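*Asks:* I'd like to go over a predicted model; first the sequence, then the structure.
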Amino acid sequence: MSENDDIVKEFLIESHENLDRLDRDLVALEKNPSDREILASIFRTIHTIKGTSGFLAFGKLEAVAHVGESLLAKLRDGQLKLNPEITTALLAMVDAVRQMLNSIEAIGNEGERDDDILIARLTGLLRPQGPGAVPGPPAPKAEPPQETPIVGAPVIEMGMRIMEAKPAGNAGETAPTAERIPAPEPLQPDHQNIGDILIERGEATAAEVAKAAATQIGGDPRHLGEILVDQGATKPHEVLEALQAQQSKGQVASERTIRVDVGLLDQLMNLVGELVLARNQILQYTKNTEETYLVTAGQRLNLIASELQESVMKTRMQPIGNVWSRFPRTVRDVALSCGKKVRIQMEGQETELDKTLIEAIKDPLTHLVRNAVDHGVESPETRKAAGKDPEGVLLLRAFHEGGKVNIEISDDGAGLNIQKVVGKAVQKGLITAEQAGRLSDREAANLIFLPGLSTAEKVTNVSGRGVGMDVVKTNIERIGGSVDLQSTPGKGTTVKVKIPLTLAIVPALIVTSGGQCFAIPQVSLLELVGLEGDEARKKVEWIKGSPVYRLRGNLLPLVDLNQSLGQCDGERGQGALLGGVEARGKEQGSVKIVVLRAEDRQFGLVVDEINNTEEIVVKPLSKHLKNIRIYAGSTIMGDGKVALILDVMNLAQSSHVLAEGQTRKRAEQEQAAVAGGDQKQRLVLFMGSGSRFAVPLDMLARLENIPGEMVERSGKNWVTQYRGQILQLIRISHVLDGSGQIGEEAELTLPTKGMLQVLVLESEGKAFGLVVNQILDIVDSDLEPKSPPTRPGVLFSAVVADRVTEILDVPAVLSAGEMN
Amino acid sequence: MKHTGQFCTFYLDHLLFGVESQKIQEVVPYRELRPVPLAPASVSGLMNLRGQVVIAIDLRRQLELPDRPPEMAPICLVMRASDEAVCMLADEVGNVLEVGEETFEPAPETLSARLRSLILGVHKLEGNLVHVLDTERACEIEAN
């Protein structure tokens, strides 16, 4: 019976929506037990579900809804007062109904279940609440209608109404029943009867309805709608519509909306995507054509496609309030089970995001909310002792910023115990004690996202097993978002989630590397830098063996895309690296750097060519390739070729430009020092002859890597051509062998291969290149001489970066190595 | 997966393989593939099939057969597997055959272990041995 299937489908959709509202209403009702409107709304919802389920022969569902309705009726009439026990039971009923609806959706019936316990529980609550309860109107003498007072009531309502409506004809028959009927329930003005609605719509005649009503009053336990259908007076879908109309009469008049299957919207989205691609192709051709007609048509097509794309994307946008609507109930349940008092506040529920993203963040957000209540907020006693309001507040905020949707979950609880977190992390071996010492507060707080980490004293049903936060982070990052945690001890914790607005069609920069095209989402793009010829060689510096580019004072780590794709595990020989960046400078005459942002850090991606920007349709990567994290997807460009979309975040991580700690911190410190004019000395650290040395940074002109072939001999010295001058190269080993002289037995043979690490130092107007074994780092240090010099050429020894370091006497070295 | 009925056949290194016709969406001649750096060797690349990006898997590599000689252009058998389309690269298309239970046998021991693990069995036809490909397993790519 396909017609039945449609009816069931509609029933399911409607009911699911109603159940969500029920959750909210019940929690709201608990706070305002005497709010009649909420109570009426709840009653109506259950009543409809009961009615329709009975009509569709879902007996188990009907039974549960029936008892719930009884309970609600008593509440509505003031015979019972709402208390937490009743609320919890009603919520349990809602859950059972939901489960049965899911089952109906899946297999067509409520499934194997036994709700006797639930029904007994609800029935038990129907009993008067003890001496304090307000007794209802005296129960009428035992008569069939009164044994089941609730089932009878609506019927009686209808019976009465119908009899009023039609004075003639049937009055004689129904008059006797009027005497038997006890005082009817006060009619809700907004609760029209099924019979009336059907008559109104012309689906059944008054006579038919009266006949059915009579049968019902005569003891037929079925619903009016059922009886009417049975008697052939009306059709099933009409009854259903009438039931719906009955329901909606009480609702606030909503705007004109239409229900659309999500699958259809997805299809629409795909088609628009294809249209965008086709438009791109046409635009490519119109660029090169002279035909004005074609050009104009192309432009129009462009405009229309863009608008269409925008509109379709809007259809998929939903307010985040849809996800949040279930949280009041979640908060209530968790708070109850933990013995805490928490209320929830929301700001920005109308903030919209794409439907697929909404699905993806449901679970992570739920976990964060539960966590905040379970672990964040303290117990009422603790709070009171701390001078706080015993009821905690959980604030949810959402807003658009920087092309992303920001969601903040804040609690005014005890905050994160950073020491404890760090301690646990070290204890579990997730980080070393050394690393722990170097963490900033914020980094330490974010440790909570490591798998297996939980500082919960005990594991509750809700959380504490340490599997939640890392899953939250993974899920959010999977959709291209980021999550960050900030906490103030004693005051509270805030978790900030940022997710991109949409995934489907994004503007991107197309670049070429290794002969193939790649797409970089524009949202990560900061700027483009082109270095021509010699600039390339000069402006790229080397720190710890990694190339960096000084962009307006900031050190920008560089990543060569070709190399990232060749070797992604970070093992790179210095030579290979140098070859990449500098070779480009030599071969192509220019180095092209795309400055990208990953989270709050920047890096430069070195590519062969920068092509153009295009709006691309993101196509998910085949599941076989999903584990290659640096690709975010693929797309087809205007010329029909496939391009791979780069995942900027993963690219940065796999190239180790985003290693936590060291490099970045140094860079930050450097900047801070530059800005603040530190007291500390800035030193360049390097290795020579197996020992650590340092020279003041202000004596350093350049860090260079000079190929062995470039070294020439002049007398007994090594020299090289450097920026149009002849630069003497002094080997640190020679300086330090104590002789001060360059002995005959010293290596007179020039290095012909490999690279020399050279510090170009300037002293007293003269420059020389100090050849060292390895340049380590640039650090800040308040130089405190710890011991007298151990050898000539050294000023003193100090502890720099936790190691014993000899501070070089630059002028002395220079004169010692001067050309003889 | 059935091993009887109508089968499309194709050649890989002179061996004849068969896949249920129903599973094959279409057969397209070779077209440009976009190589995917860092992908496993069996992934020949991605191709543009009427606006869809489809992954191309080299069956020779999957079956650990020697590589195709460079001058031989492969053909693409487009298969719809679960939720996405996959293109399997083969040497040449064979005939469409009807095969029944009577010719079906389990894979002979003489075949390599790898080959045996990726076929359901063989049909012994006159003058021909048709290896019935286990398409799900044949398209499983091991992560790097």
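*Replies:* The structure has been received and is ready for your questions. Numbers count the residues shown, from 1 in each chain, chains lettered A, B, ... in the order given.

*Asks:* Let me know how buried A:Lys384 is, in neighbour terms.
*Replies:* The burial count assigned to A:Lys384 is 12, neighbours taken as other CB atoms under 10 Å in any protein chain shown. Every C-beta, even on glycine, is put in place using the N, C-alpha and C of the backbone.

*Asks:* And B:Leu133, by the same measure?
*Replies:* Residues within reach of B:Leu133, counting by other CB under 10 Å, total 29.

*Asks:* Tell me the buried residues in stretch A:277-290?
*Replies:* For stretch A:277-290, the buried set under the neighbour-count rule, 16 or more other CB atoms under 10 Å in any protein chain shown, comprises A:Leu277, A:Arg279, A:Asn280, A:Ile282, A:Leu283, A:Gln284, A:Thr286.

*Asks:* By mean pLDDT, which helix or strand of chain B comes out lowest?
*Replies:* With mean pLDDT, DSSP states H and E as the measure, the helix or strand of chain B carrying the lowest mean pLDDT is helix B:135-138 (a mean of 84).

*Asks:* Within the helices and strands, which one has the residue of the stretch 201-350 of chain A found nearest chain B?
*Replies:* Ranked by CB to the nearest CB, the top residue of the stretch 201-350 of chain A for proximity to chain B is A:Glu274, at 5.4 Å. Element membership for A:Glu274, per DSSP states H and E: helix A:262-287.

*Asks:* Which residue ranges make up each domain of chain A?
*Replies:* Structural domains annotated on chain A: A:1-136, A:141-256, A:262-316, A:319-500, A:505-662, A:679-816, as defined by automatic domain parsing.

*Asks:* Out of the ones you listed, which gets the lowest mean score?
*Replies:* Taking each of these in turn, the one with the lowest mean pLDDT is domain A:141-256, at a mean of 55.

*Asks:* contacting residues around the residue of the stretch 201-350 of chain A closest to chain B?
*Replies:* If a contact means CB atoms under 8 Å, 6 or more residues apart in numbering or on different chains, then A:Glu274 has A:Val617, B:Gly51 as its contacts.

*Asks:* With A:Leu565 as the reference, measure out to the closest residue to A:Gly566 other than its chain neighbours.
*Replies:* Residue nearest to A:Gly566 in three dimensions, not counting chain neighbours: B:Pro37, with 7.2 Å by CB to CB, 6 or more residues apart in numbering or on different chains. Taking CB to CB, to the nearest Å as the measure, B:Pro37 and A:Leu565 are separated by 4 Å.

*Asks:* Overlap in contacts, the two.
*Replies:* Between them, B:Pro37 and A:Leu565 share these contacting residues under CB under 8 Å, 6+ apart: A:Gly514.

*Asks:* on that earlier part again, near chain A at all, the least confident helix or strand of chain B?
*Replies:* No: contact check for helix B:135-138 against chain A, using CB under 8 Å from any CB of the partner chain: none in range, with a minimum separation of 12.0 Å.

*Asks:* who's in contact with that helix?
*Replies:* B:Met1, B:Val19, B:Lys23, B:Ile57, B:Leu59, B:Gln62, B:Leu63, B:Met79, B:Ala81, B:Met88, B:Ser117, B:Leu118.

*Asks:* list the contacts for A:Leu525?
*Replies:* Neighbouring residues of A:Leu525 by CB under 8 Å, 6+ apart: A:Leu509, A:Val594, A:Val595, A:Leu596, A:Arg597.

*Asks:* no no, A:Ile593
*Replies:* Contact criterion CB under 8 Å, 6+ apart gives A:Leu528, A:Val529, A:Gly530, A:Leu531, A:Tyr549, A:Leu556, A:Leu558, A:Gly604, A:Leu605, A:Val606, A:Val607 as the residues in contact with A:Ile593.

*Asks:* what about the third one, distance to A:Ser34?
*Replies:* Translated: A:Gly530. Relative to A:Ser34, A:Gly530 is positioned 72 Å away (criterion: CB to CB).

*Asks:* go on, A:Phe43?
*Replies:* Relative to A:Ser34, A:Phe43 is positioned 14 Å away (CB to CB).

*Asks:* Which one's more surrounded, those two?
*Replies:* Neighbours of A:Phe43 and A:Ser34, each counted by other CB under 10 Å, are more numerous for A:Phe43; the result is 20 against 10.

*Asks:* Surely B:Phe7 forms part of a strand?
*Replies:* Yes: B:Phe7: assigned to a strand according to DSSP: H, G, I helix; E, B strand; the rest coil.

*Asks:* thinking it is in contact with B:Asn95, fair?
*Replies:* No: with contacts counted by CB atoms under 8 Å, B:Phe7 stays clear of B:Asn95, the gap being 9.3 Å.

*Asks:* On the three-state scheme, A:Leu308 is what?
*Replies:* Three-state assignment for A:Leu308 (three-state DSSP): helix.

*Asks:* Which residues are in contact with it?
*Replies:* If a contact means CB under 8 Å, 6+ apart, then A:Leu308 has A:Val272, A:Leu275 as its contacts.

*Asks:* and A:Gly492, how far is that from A:Asp6?
*Replies:* Using CB to CB, one obtains 50 Å as the distance from A:Gly492 to A:Asp6.

*Asks:* Equivalent analysis for B:Glu84, please.
*Replies:* B:Glu84 sits at a distance of 31 Å from A:Asp6 (criterion: CB to CB).

*Asks:* More neighbours: which of those two?
*Replies:* A direct count of neighbours by other CB under 10 Å for B:Glu84 and A:Asp6 places B:Glu84 higher, at 16 against 12.

*Asks:* these two touch, right, A:Leu394 and A:Asn371?
*Replies:* No: between A:Leu394 and A:Asn371 no contact is recorded; they are 10.4 Å apart, counting by CB under 8 Å.

*Asks:* For stretch B:26-39, measure first residue to last.
*Replies:* Stretch B:26-39 has an end-to-end distance of 25 Å (CA to CA, to the nearest Å).

*Asks:* Can you tell me what sits against that stretch?
*Replies:* Residues lying outside stretch B:26-39 but in contact with it, judged by CB under 8 Å, 6+ apart, are A:514, A:516, A:565-566, A:568, A:625, A:628, A:630-631, A:641-644, B:8, B:43-49, B:56, B:73-78, B:87, B:93, B:144.

*Asks:* now, which of those residues lie within strands?
*Replies:* Counting by DSSP state E, the members of these that fall within strands are A:516, A:631, A:642-644, B:8, B:43-49, B:56, B:75-78, B:87, B:93.

*Asks:* Now the buried members of these.
*Replies:* Buried residues within the ones in strands among the contacts of stretch B:26-39, counting neighbours by 16+ other CB under 10 Å: A:516, A:631, A:642-644, B:8, B:43-49, B:56, B:75-78, B:87.

*Asks:* Pop out the phi and psi values for A:Arg24.
*Replies:* The phi/psi pair for A:Arg24 (degrees, to the nearest 10) reads phi -60, psi -50.
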